[in-house]
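> sequence and computational prediction follow.
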Amino acid sequence: MSVEDTFDIQALLARFANSFDLKDWDGLQACLAEQLYTDYSDLRGTPPETVRAADYVQARRESLDNLKTHHLNGNVEIKYDDLLNATCRVSTVIWRRENDSDFNTHCVYTFKVTKLKYAWKISAITQKVLWNEGQASIHSGAK
């Protein structure tokens with residue numbers, strides 16, 4: 001729970017968001033623990049699940065590779081649960097574009113991060129959608 005840990009966690013959350021926009025799928029996977037809990041029920045209407053990091057990345061790649069995206073994080077709150085675990089709440093706006101159509105999500109993420117082998121990794125992701133705008137049909141991951 002040092003200042004260095006806080007900076008490392010903030011950098012992890014930034015890399016996570018930027019990897020989507022840069023289509024850096026290897027970089028995305030490097031942000032994740034081997035297994036992670038995910039809850040995207042607000043966006044997708046599907047139940048929460050625990051998935052392998054590789055499966056998480058593949059699903060995102062399939063649903064986002066054809067879209068231009070911009071994930072912008074702000075209002076980062078980090079609460080240390082203990083020396084190796086923290087809970088982070090992050091306000092995010094996700095812009096998605098395909099041709100002349102947009103689908104944008106305003107949301108708050110709750111991330112669980114765990115320090116594994118001297119590096120922080122995301123072990124859980126819960127997305128709480130505040131509102132969506134545009135045509136959900138351009139994003140195969142939306143309900």
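Great, that's in hand. Numbering: from 1, shown residues only.

> wait, Asn73 touches Phe20, no?
No. Counting by C-beta atoms under 8 Å, Asn73 sits too far from Phe20 to count as a contact (11.1 Å). Bear in mind the C-beta positions are built from the backbone N, C-alpha and C, glycine included.

> what do the two both touch?
Both Asn73 and Phe20 lack any common contact, where contact means C-beta atoms under 8 Å, 6 or more residues apart in numbering.

> for this protein, what helix or strand is lowest in average pLDDT?
For the chain, counting by mean pLDDT, DSSP states H and E, helix 41-44 ranks last in confidence among helices and strands (a mean of 89).

> got a list of contacts for the helix or strand that that helix is followed by?
With elements assigned by DSSP states H and E, the helix or strand that comes after helix 41-44 is strand 49-52. Residues outside strand 49-52 that contact it (C-beta under 8 Å, 6+ apart): 34-38, 59.

> which among the residues you listed end up buried?
Neighbour counting by 16 or more other C-beta atoms under 10 Å classes 36, 38 among those as buried.

> okay, the contacts of strand 49-52 in TSV with secondary structure and distance to Val51 next?
TSV is the format used below for these (DSSP: H, G, I helix; E, B strand; the rest coil; distance: C-beta to C-beta, whole Å):
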residue	secondary structure	distance to Val51
Glu34	strand	10
Gln35	strand	7
Leu36	strand	6
Tyr37	strand	8
Thr38	strand	6
Ala59	helix	8
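
> closest to Ser91 among the contacts of strand 49-52?
For the contacts of strand 49-52, the minimum distance to Ser91 (C-beta to C-beta) is 18.7 Å, reached by Thr38.
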